[in-house]
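**Student:** Here is my input; please provide its structure:
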Amino acid sequence: MENKTTTRRASFKKLGMGLAAIFGIGTAARAMEGGSKPKKEVVGDIVMDQDIPLFSGGVKHGNTLYIAGKGAHVEPFEIKAHTEIVLQELEKELKKHGSSMDKVLKVNVYLADLADYKGMNEVFRGRFGPNPPVRTTVATYGGVPGNSLVEMDCIAALD
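**Tutor:** Numbers count the residues shown, from 1 in each chain. Have a look, this model is predicted:
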C-alpha cells in the first residue's frame, strides 16, 4: 500500500505537467519528464573587467536569443542619429546569430533624457515589421553609460 505522501507527490507532478502543457511551457514539461534541457550558449563577446568576465554580448538558450545593450558612443549627440545606430547594431547582431528584427519579442529602451522619447520613437517606429515587439522605455538617472543618448537590448526568437 502506497503512503499518502508518495501519492500526493505523484499527483502534484501530474498536475504540474498538465499545467505546463496547457500553458505551452514545453521546456518545463520536458524537464519534469526527465527530458533534456536547453543549454546556455554564449554567442557574443564576453566583456571583461579586471580579467574577470562581466557580461556576455549575446546568449542563445533553446530557441531564444538574448542581445546585450547596444549604445551609440559617437558624435553627433542627437537622439535620431543615436537611435539609428543602435537599431543597426541590434539588427547586425540578430542576423549574425540567426534571427531578425521581425523575430524580436522584447526590447528594453534606456534613454539618457526622457525629452528624447518622441525623437527615438520616430526612428524606432516600423523597424520590427508589422507586429512590433513588447517594449519597455525608461529614462535613466545619470545617463546611459558611455555617453550614448540611448541604449537598447532585446530578446528574439530563433528558428
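**Student:** Just the pLDDT for residue 13.
**Tutor:** With respect to pLDDT, residue 13 scores 52.
**Student:** same question, residue 76
**Tutor:** 83.
**Student:** number of nearby residues for it?
**Tutor:** Close neighbours of residue 76, defined as other Cβ atoms under 10 Å, add up to 9. (Each C-beta comes from the backbone N, C-alpha and C, glycine too.)
**Student:** And it, how far from residue 50?
**Tutor:** 33 Å (Cβ to Cβ, to the nearest Å).
**Student:** How about residue 84?
**Tutor:** Using Cβ to Cβ, one obtains 33 Å as the distance from residue 84 to residue 50.
**Student:** Comparing those two, which residue is more hemmed in?
**Tutor:** A direct count of neighbours by other Cβ under 10 Å for residue 84 and residue 50 places residue 84 higher, at 16 against 5.
**Student:** How about that one, nearest residue that isn't a chain neighbour?
**Tutor:** Closest residue in space to residue 84, ignoring its immediate chain neighbours: residue 123 at 5.4 Å, by Cβ to Cβ, 6 or more residues apart in numbering.
**Student:** how many neighbours does that neighbour have?
**Tutor:** 18.
**Student:** That one should be in a strand, yeah?
**Tutor:** No. Counting by DSSP: H, G, I helix; E, B strand; the rest coil, residue 123 falls outside a strand, being helix.
**Student:** That one reaches residue 80, doesn't it?
**Tutor:** Yes. Residue 123 is within contact range of residue 80, at 5.2 Å (criterion: Cβ atoms under 8 Å).
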